[in-house]
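In: Here is a sequence with its predicted model. Questions after.
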Amino acid sequence: MKLISFDLKADFAFFRKPDTNATINLSYNIIHRPAVLGILGAILGLEGYKEKGKLPQYYEVLKDVRIGIEPLNHEMGNYAKTTIKYSNTVGYANKGTNFLTEELTLVNPEYRIYLLLDEDDKYQKQLISSIQKGYAEFIPYLGKNEFTAWWNAESYKEYYFTEKPIEGERVKIKSIFYKKYILKNNTEAPFPDLLNFDDEETPFIYFERLPKGFDLALMQYDIAEFAYSNYLIKNAQQLDNLLFIDELNAYVQLL
């Protein structure tokens, strides 16, 4: 197994939330695992959605790839947003009147994508080669095809990692992590400690409900609670799928 990362960015992004209201469509702030799988599929040239109720080829091929996500160049976990208005004047879409819609769009989002890849799998082996070269078979995008995504081949990195056990100490987690609800003595765990690891950086905790996969019975997103913080995290031993990266002296969670 090989652990790699690359830095993915775009001028704009829109990861549509399914639970938005009629006046404005909202976007997830952090790219989620299903969206990353789509980008990896574009890099390999795998087919997307072709038939209602059927998962795309890229998902079937790549569903077992473990993925970690670290926001870059953000403001305490958040990205700047702007409202873009669209007008649809096609008759069959609006029954003779102009149909107006608004989308709250991310501005200059950037993410470090961690991938744990099996070099014995031909598709995953090809991913390593393509990402390292900065090559994609299809043009990847962040949520909408007009929001072209790219990465610099120089951002490609390989890491030595271990599944180092956590024994109660405070640890740094570089990626977003799945926030389990475990209650003990009326407190929720895992919980950030009151000491951030970089005194020059404003401490923050960011929470967001994000898709972590698909509910195959309902054919819709499987939503979970995630957190992202520059605090040192205690009770992190309750988190699953943490890998320790020696070079970073920190953990990442790959789901």
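Out: That came through fine. It should be emphasised that the depicted structure is a prediction, and the values quoted were computed from it without experimental measurement.

In: can you give me the helices for the stretch 101-250 of the chain?
Out: Secondary structure of the stretch 101-250 of the chain by DSSP state H, counting those that start in this stretch: the helices cover 122-133.

In: Leu37 and Ile69 touch, don't they?
Out: No - counting by C-beta atoms under 8 Å, Leu37 does not reach Ile69; the two are 11.8 Å apart. Any C-beta I mention is one placed from the backbone N, CA and C, and that applies to glycine too.

In: average pLDDT across stretch 105-115?
Out: Averaged over stretch 105-115, pLDDT sits at 98.

In: ok now that stretch, how far from the chain's centre?
Out: 8 Å (C-alpha atoms, centre = their mean, to the nearest Å).

In: Now Tyr59. Its backbone dihedrals?
Out: Here is the backbone geometry of Tyr59 (degrees, to the nearest 10): phi -70, psi -40.

In: neighbours around it, how many?
Out: 18 (other C-beta atoms under 10 Å).

In: check contacts around it.
Out: 34, 37, 41, 214 (C-beta atoms under 8 Å, 6 or more residues apart in numbering).

In: which of the residues in stretch 66-75 are buried?
Out: 66-71, 74 (16 or more other C-beta atoms under 10 Å).

In: thinking again about what came up before, can you name the two of the contacts of Tyr59 that sit furthest apart?
Out: Gly41 and Phe214 (13.9 Å; C-beta to C-beta).

In: who has more neighbours, those two?
Out: Gly41 (24 against 17).

In: what does the helix or strand where that one lies contact?
Out: Take DSSP states H and E as the rule and Gly41 turns out to sit in helix 33-44. By C-beta under 8 Å, 6+ apart, the surrounding residues in contact with helix 33-44 are 8, 15, 47-48, 56-59, 61-63, 65, 67, 69, 113, 115, 123, 126-127, 130-131, 135-143, 149, 210-214, 221, 255.
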